[in-house]
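# Curious how this folds, go ahead:
(chains A and B)
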Amino acid sequence: MKLEKIVEKLDLKPLNEYAKDRDIAGAYTSDLLSDVIANAEEDELWITLHGHQNVVAVALLKDLAGVIITGEHHATEDMLAKANEMEVSVFKTDLDSFQISGKLYQLLCNDG
Amino acid sequence: MMDKYITIDLHVHTALSACASEKNTPDMIVSNAINRGLDCIAITDHNTALNVRAVIDAAKGTNLLVVPGIEVETSEEVHLLALFRTIEDCLSYNNIVKSALSARDNIPQFFGKQILFDKSGQSQYKPLLSQSTSLELEEVINGVNKLNGLVIPAHIRRRYNGLVSILGFIPSGLNINTIELSRSNYDKYYKAYEDYNVIVNSDAHNLNAFYKGPSTALKVEKFDIDEVLNKLRYKLSKDEVIIY
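Numbers count the residues shown, from 1 in each chain, chains lettered A, B, ... in the order given. Below you'll find the predicted structure:
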């Protein structure tokens, strides 16, 4: 599914530029960056509550399609600066990680 | 004074940490640290410095140097040892930590008792300390540095609350030169951190922990808190900080 459609369907708020045409393979929900480094796959969206700049580096390292920051958590200024510099897409949702994961799972599973 | 080595253990819990033994009283910590042959310990309870003064008092009349400290849990759930030159600086940072904790009470049956020691004896400290603060990693480092303190990320490769487990790697530009590895995985990981001073501490939650190894020796010119903190502020040569 195209990233643009996911952003629209889940009402994600883009915090910077993103590639609308990028095909999303799936998603990974985790707040341990070491775990994401070990287990996330490329072209996945990453659902997390971390707004730390290291998130950008891990997303880049794993060639993830974007990061969704959940609930009451926010991207730090450092993170946004790094994300813009490295061209890593960051989104915000007010839903918590469980809710957004469930919705995204449903959306991707019902797609074709 | 000529250069000499002192043995240091900069991560010690008192019974105020819910997960620590109730036997970790100020007197028992001091006597066991001395028995173990330590020259310098830091008291680092989870998110509080309220037992530091009691341990400093217990060490009066001995040669044991007690560094005031707090093991701060950041908003990312990373554990940092925040060490200070004076009890006043430490208590001043304690106020910042205290106001960054959400207000709920400890549940002793679940987390364990939080035992406070002061002149009037001992009592249970009610507010829950086993939680993360709202302070971000860099915010803690900047705040502690402003008070001329020193931050050492604790057990950085531990699965829970370790900087590298949670944030993947040490963030670039982080203003630190010393890190702590757990005794249990020091051998496995120390080579990966040659750019830092790597130390090991007991992370003593019980008194037996003092007697396990490995331990850290630091080369100093003077035997005081300023010297210990100043040394670890900068990258030292290999013969200045020794794991044995």
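# for the lowest-mean-pLDDT helix or strand in chain B, the distance to its chain's centre please.
Taking mean pLDDT, DSSP states H and E as the measure, the helix or strand of chain B with the lowest value is helix B:108-111, at a mean of 92. Centre-to-centre, helix B:108-111 and its host chain are 23 Å apart (C-alpha atoms, centre = their mean, to the nearest Å).
# Which element is encountered next along the chain beyond that helix?
strand B:115-118 (DSSP states H and E).
# What parts of chain B come near chain A?
B:76, B:136, B:137, B:138, B:164, B:165, B:166, B:167, B:168, B:169, B:171 (C-beta under 8 Å from any C-beta of the partner chain). To be clear about C-beta, it is placed using only N, CA and C from the backbone, and glycine gets the same treatment.
# For residue 7, grab the count of nearby residues.
This is for chain A. 19 (other C-beta atoms under 10 Å in any protein chain shown).
# oops, I was thinking of chain B
Using other C-beta under 10 Å as the criterion, the residues surrounding residue B:7 number 17.
# Buried ones in the host helix or strand of it, by neighbour count?
In this assignment (DSSP H and E), residue B:7 forms part of strand B:4-12. By neighbour count on 16 or more other C-beta atoms under 10 Å in any protein chain shown, the buried set for strand B:4-12 is B:5, B:6, B:7, B:8, B:9, B:10, B:11, B:12.
# What about the residues of chain B next to chain A, which one has the most neighbours?
Busiest of those [other C-beta under 10 Å] is residue B:167, holding 27 neighbours.
# nearest residue to that one other than its sequence neighbours?
residue A:54 (4.4 Å; C-beta to C-beta, 6 or more residues apart in numbering or on different chains).
# contacting residues for the one you found?
A:33, B:167, B:168, B:169, B:171 (C-beta atoms under 8 Å, 6 or more residues apart in numbering or on different chains).
# pLDDT at the nearest residue to residue A:14 once chain neighbours are set aside, what is it?
Among residues not flanking residue A:14 along the chain, residue A:91 sits closest, at 5.6 Å (C-beta to C-beta, 6+ apart). On the pLDDT scale, residue A:91 is placed at 98.
# Am I right that residue A:91 sits in a strand?
Yes: Residue A:91: assigned to a strand according to DSSP: H, G, I helix; E, B strand; the rest coil.
# Which residues does it form beta bridges with?
residue A:14, residue A:68 (DSSP bridges).
# Distance-wise, check it relative to residue A:48.
11 Å (C-beta to C-beta, to the nearest Å).
# re the thing from before, so how far is the following helix or strand past the strand holding residue B:7 off the chain centroid?
Downstream of strand B:4-12, the next assigned helix or strand under DSSP H and E is helix B:26-35. Relative to its chain's centre, helix B:26-35 lies at 16 Å (C-alpha atoms, centre = their mean).
# just stretch B:57-72 next, same as before
11 Å.
# and what of stretch A:99-112?
That offset, for stretch A:99-112, works out to 14 Å (C-alpha atoms, centre = their mean).
# In it, which residues are buried?
So for stretch A:99-112, counting by 16+ other C-beta under 10 Å, buried means A:100, A:101, A:103, A:104, A:107, A:108.
# How about the contacts made by the third one?
What it means is residue A:103. Contacts of residue A:103 (C-beta under 8 Å, 6+ apart): A:10, A:95.
# now do 7 Å
Contact analysis of residue A:103 by C-beta atoms under 7 Å, 6 or more residues apart in numbering or on different chains lists residue A:10.
# pLDDT on the helix or strand hosting it, on average?
Using DSSP H and E, the element containing residue A:103 is helix A:97-109. What helix A:97-109 shows for mean pLDDT is 96.
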